[in-house]
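Asks: Build me a structure from this.
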Amino acid sequence: MRLALYQPDIPQNTGTLLRLGAALDVPVDLIEPTGFILDDKRLGRALMDYGRLVDLTRHLDWQAFEEARTGRLLLLTTKAKTRFTDFAFRADDVLLLGSESAGVPPSVHDAADHRLTIPMRAEARSLNVAVAGAMVLSEALRQTRWHR
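Replies: Okay, the predicted model is just below:
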């Protein structure tokens, strides 16, 4: 299981997701460019001292990520019909989270093997990307690692 962050632009969310990966022993792929400098103090504040624990792979761009990726690509998006709670995860899945301001472009959307959504009330546009990542990763790990 891996988390992949597509061109994140809010350092606090990235730091939180890196900390999540570190704490749950889930590698994180960072697809650049980011909307901030990676040594941003706001990133460090969210990551705290977990930076030494995170298994982080930085990719120069989408193409570099795709060349390195193994496993199914699962895009978390509000533009999906499949609820994450109705999906059968596999241990080698890659959970892809889009940038906070723009999501992912159509070409990345089309590259996903599956698109998953979190059911929400109609008036809500979306959840914070770190919250969404934690929710779906938790279910994926429950199915693949914690439920053996």
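Asks: alpha carbons only for contacts and neighbour counts from here, please
Replies: Will do.
Asks: so where is the protein shaky, pLDDT-wise?
Replies: Counting by pLDDT under 70, the chain has low-confidence residues at 40, 45-46, 147-148.
Asks: where along it do the strands fall?
Replies: For the chain, the strands defined by DSSP state E cover 2-6, 28-31, 56-59, 73-76, 82-83, 94-97, 114-117.
Asks: Would you format those as CSV with mean neighbour count and distance to residue 38 included?
Replies: Below are the strands of the chain laid out as CSV (neighbours: other C-alpha atoms under 10 Å; distance: least, C-alpha to C-alpha, whole Å):
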stretch, mean neighbour count, distance to residue 38
strand 2-6, 24, 13
strand 28-31, 24, 10
strand 56-59, 16, 11
strand 73-76, 24, 23
strand 82-83, 16, 32
strand 94-97, 25, 18
strand 114-117, 20, 28
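Asks: Tabulate these (a markdown table), appending distance to residue 104.
Replies: As requested, the strands of the chain are arranged in a markdown table below (distance: least, C-alpha to C-alpha, whole Å):
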| stretch | distance to residue 104 |
| --- | --- |
| strand 2-6 | 7 |
| strand 28-31 | 11 |
| strand 56-59 | 16 |
| strand 73-76 | 9 |
| strand 82-83 | 18 |
| strand 94-97 | 8 |
| strand 114-117 | 12 |
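Asks: how about those strands, which one is nearest residue 133?
Replies: strand 94-97 (7.0 Å; C-alpha to C-alpha).
Asks: Output stretch 9-21 in PDB, but only the C-alpha positions, please.
Replies: Extracted in PDB, the C-alpha atoms of stretch 9-21 (Å, rounded to 0.1, in the frame of the first residue of the first chain):
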ATOM      1  CA  ASP A   9       0.100  23.000  -2.800                       C
ATOM      2  CA  ILE A  10      -0.600  23.300   1.000                       C
ATOM      3  CA  PRO A  11       2.400  22.400   3.100                       C
ATOM      4  CA  GLN A  12       0.400  21.600   6.300                       C
ATOM      5  CA  ASN A  13      -1.600  19.000   4.500                       C
ATOM      6  CA  THR A  14       1.500  17.400   2.900                       C
ATOM      7  CA  GLY A  15       3.200  17.300   6.300                       C
ATOM      8  CA  THR A  16       0.100  15.700   7.900                       C
ATOM      9  CA  LEU A  17       0.000  13.000   5.100                       C
ATOM     10  CA  LEU A  18       3.700  12.400   5.500                       C
ATOM     11  CA  ARG A  19       3.300  12.000   9.200                       C
ATOM     12  CA  LEU A  20       0.400   9.600   8.500                       C
ATOM     13  CA  GLY A  21       2.600   7.500   6.200                       C
END
